[in-house]
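Trainee: Here's my sequence, what's the structure:
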Amino acid sequence: MILDLTFVRAQFPAFSETTLDGWAFFENAGGSYPCKQFIDRLTGFYMKNKVQPYYPYPAAMVAGGLMDDAYKRMAEYLNVDSSEIHFGPSTTQNIYVLANAMRPMWQEGDEIIVSNQDHEANSGAWRRLTDRGMKIVEWHVHPETGVLSLEDLKGLLTERTKMVAYPHCSNVIGHINPVKEITRLAHEFGALSVVDGVGYAPHGFPDLKDLDADIYMFSTYKTFGPHLGLMYVKQALIEKMQNQSHFFKDGITRNMITPAGPDHAQIASINGILDYFDALYEHHFNGKADPAKRNIALTSLFRQHETALLDRLLTFLRSRDDVKIVGPDSIEDRLPIVSIIPLNKDLEEVYATLTEQKLMLGKGHFYAVRPLRDMNIPEQPGVLRFSFVHYTSMEEVDQLMEGLKRALGN
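Mentor: Got it, this is the predicted structure:
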């Protein structure tokens, strides 16, 4: 089965927007284009159901039902229970709340292992717990490859370890970490496995039951929908946390770690992401399947398409002696997040030329300051980053390579 890119791109209004005509988008790790199903859902909610949900009149009953559907359908795709899905304003904010909710579970001097490969979202709030008696243990990346070592982790785990926090996929080097194995190691020491999936989820939702992590988080604005952060938290774990919402919400787990309260319209519009996935599945596959199996099939389609594009780009970059690929330079255990450093030209100059070639790219440190420091890469100017997802075409990758030739000097 091959991904029908014409069908895929027809689901995204950006590809028919005249102001974007000719531009190739390679900053998807910072946020994806929204699908039309999400846009329709959000617009429809504001037009018809923007009232306080769950009251016994039609507009409110529909509003509450749409929100409940979003929790249920997302949980089914992720292969968990709907009571374990939580939506907050952002992943960074969600982790800040989690850190406060979880601190009373631990004793002074207990240890948290925090990887240095992470975006600061899954790092900063945990590290601040040093001010509240916790010991932070650094899990450094390899200074050349930027990869985390399982052997290093084994040497860091102790009987006082309470949690290991790390990314499923680095947002700078694109390397995929073995979550199941890391989780197994953490659990052997009675520690929690807390995974930042922000870089991974845009390339296919994980099967969370299979991974067995205790907490998994990603941002839905990077998965074709609204600007929300999604948290999966095992039900048994959240029941041990300190309530962060109003006192009368204690024990109501959907509210305990979302003190700001739910954004009704955006949560309801999550259905649009799943409408899009359902439409993709129905277009590509015969027969019916439950959402978790649909997700597995779609992820395989996405990965096949993205890997072909990634292979082409990495082959081109490896052929040049005027750029350094940051991190691993092969497609093995890799997602299409590629960072480079120009060796013969100023990074800002290269970036400006690429922009002139109608290439939308990222530059800087991308809040991944710690892995760059471990690899002795200055945060300023940082790196050039090319990131793409399943709606990216081979022609756009070719446009990127031609732009690089011009920017670097053939």
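Trainee: Only C-alpha atoms from now on, for both contacts and neighbour counts.
Mentor: Will do.
Trainee: For R334, which non-adjacent residue is closest in space?
Mentor: H175 (4.8 Å; C-alpha to C-alpha, 6 or more residues apart in numbering).
Trainee: now the strands: where do they sit in the stretch 251-400 of the chain?
Mentor: 323-325, 337-342, 359-360, 362-364, 383-387 (DSSP state E, counting those that start in this stretch).
Trainee: deepest of those strands, which one?
Mentor: strand 383-387 (a mean of 25; mean count of other C-alpha atoms under 10 Å).
Trainee: The residue nearest to R334 and A268, how far apart?
Mentor: Distance, H175 to A268, using C-alpha to C-alpha, to the nearest Å: 33 Å.
Trainee: ditto for I182
Mentor: 34 Å.
Trainee: Compare these two and say which one has the larger neighbour count.
Mentor: Neighbours were counted for I182 and for A268 using other C-alpha atoms under 10 Å; A268 has more, 25 against 21.
Trainee: I figured that one hits K72, correct?
Mentor: No. Using C-alpha atoms under 8 Å, A268 makes no contact with K72, being 11.1 Å away.
Trainee: How many residues are close by F25?
Mentor: 23.
Trainee: How about it: what's its closest non-neighbour residue?
Mentor: The shortest distance from F25 to any non-neighbouring residue, by C-alpha to C-alpha, 6+ apart, is to M360 (4.9 Å).
Trainee: all helices of the stretch 251-400 of the chain, in order?
Mentor: Ranges of helices in the stretch 251-400 of the chain, per DSSP state H, counting those that start in this stretch, are 253-256, 264-284, 291-318, 347-356, 369-374, 394-408.
Trainee: Any buried residues in the last one, and which?
Mentor: So the one you mean is helix 394-408. By 16 or more other C-alpha atoms under 10 Å, the buried positions in helix 394-408 come out as 394, 396-397, 399-401, 403-404, 407-408.
Trainee: Could you work out the end-to-end span of stretch 79-89 for me?
Mentor: Stretch 79-89 end-to-end distance (C-alpha to C-alpha) = 23 Å.
Trainee: Let me see the mean pLDDT of it.
Mentor: Stretch 79-89 carries an average pLDDT of 97.
Trainee: same question, stretch 286-300
Mentor: Here the average pLDDT along stretch 286-300 is 94.
Trainee: Also stretch 154-170?
Mentor: On average, stretch 154-170 scores 98.
Trainee: How far off centre is that stretch?
Mentor: Counting by C-alpha atoms, centre = their mean, to the nearest Å, stretch 154-170 is centred 19 Å from the centre of its parent chain.
Trainee: now what about it, what contacts it?
Mentor: Stretch 154-170 is contacted by residues 106, 109-119, 122-123, 137, 139, 175-179, 185-186, 189-200, 335 when judged by C-alpha atoms under 8 Å, 6 or more residues apart in numbering.
Trainee: What of stretch 173-188?
Mentor: By C-alpha under 8 Å, 6+ apart, the list of residues contacting stretch 173-188 reads 146-148, 150, 154, 157, 163-164, 167-170, 192-193, 195, 199-200, 210-213, 326-328, 333-339.
Trainee: can you rerun that using 6 Å?
Mentor: 168-169, 193, 211, 213, 327, 333-335, 337-338 (C-alpha atoms under 6 Å, 6 or more residues apart in numbering).
Trainee: just the buried members of those?
Mentor: 168-169, 193, 211, 213, 327, 334-335, 337-338.
Trainee: Going by distance to Y281, which of those residues wins?
Mentor: Closest approach to Y281 among these (C-alpha to C-alpha): L335, at 21.6 Å.
Trainee: so what's the nearest residue to the closest one once chain neighbours are set aside scoring on pLDDT?
Mentor: Among residues not flanking L335 along the chain, G174 sits closest, at 5.1 Å (C-alpha to C-alpha, 6+ apart). Note on G174: pLDDT of 96.
Trainee: of the helices of the stretch 251-400 of the chain, which approaches G204 most closely?
Mentor: helix 291-318 (4.5 Å).
Trainee: where does the closest one sit relative to the chain's centre, distance-wise?
Mentor: The mean C-alpha position of helix 291-318 is separated from the chain mean by 16 Å, C-alpha atoms, centre = their mean.
Trainee: For that helix, buried residues please.
Mentor: So helix 291-318, judged by 16+ other C-alpha under 10 Å, has buried residues 291-307, 309-311, 313-314, 317.
Trainee: Tally up the residues packed near the closest residue to L314 other than its chain neighbours, please.
Mentor: Excluding the flanking residues, the one nearest L314 by C-alpha to C-alpha, 6+ apart is D329, at 6.5 Å. As a burial measure, D329 scores 18 neighbours (other C-alpha under 10 Å).
Trainee: Identify the residue nearest the most centrally placed residue in the chain in space, chain neighbours excluded?
Mentor: Centroid-nearest residue in the chain: V198, 1.5 Å away (criterion: C-alpha atoms, centre = their mean). Nearest non-adjacent residue to V198, counting by C-alpha to C-alpha, 6+ apart: F218, 4.2 Å away.
Trainee: What helices and strands are in contact with whichever strand or helix holds the one you found?
Mentor: Per DSSP states H and E, F218 falls inside strand 215-219. Counting contacts by 3 or more C-alpha pairs under 6 Å, 6 or more residues apart in numbering; DSSP states H and E, strand 215-219 packs against strand 192-196, strand 229-233.
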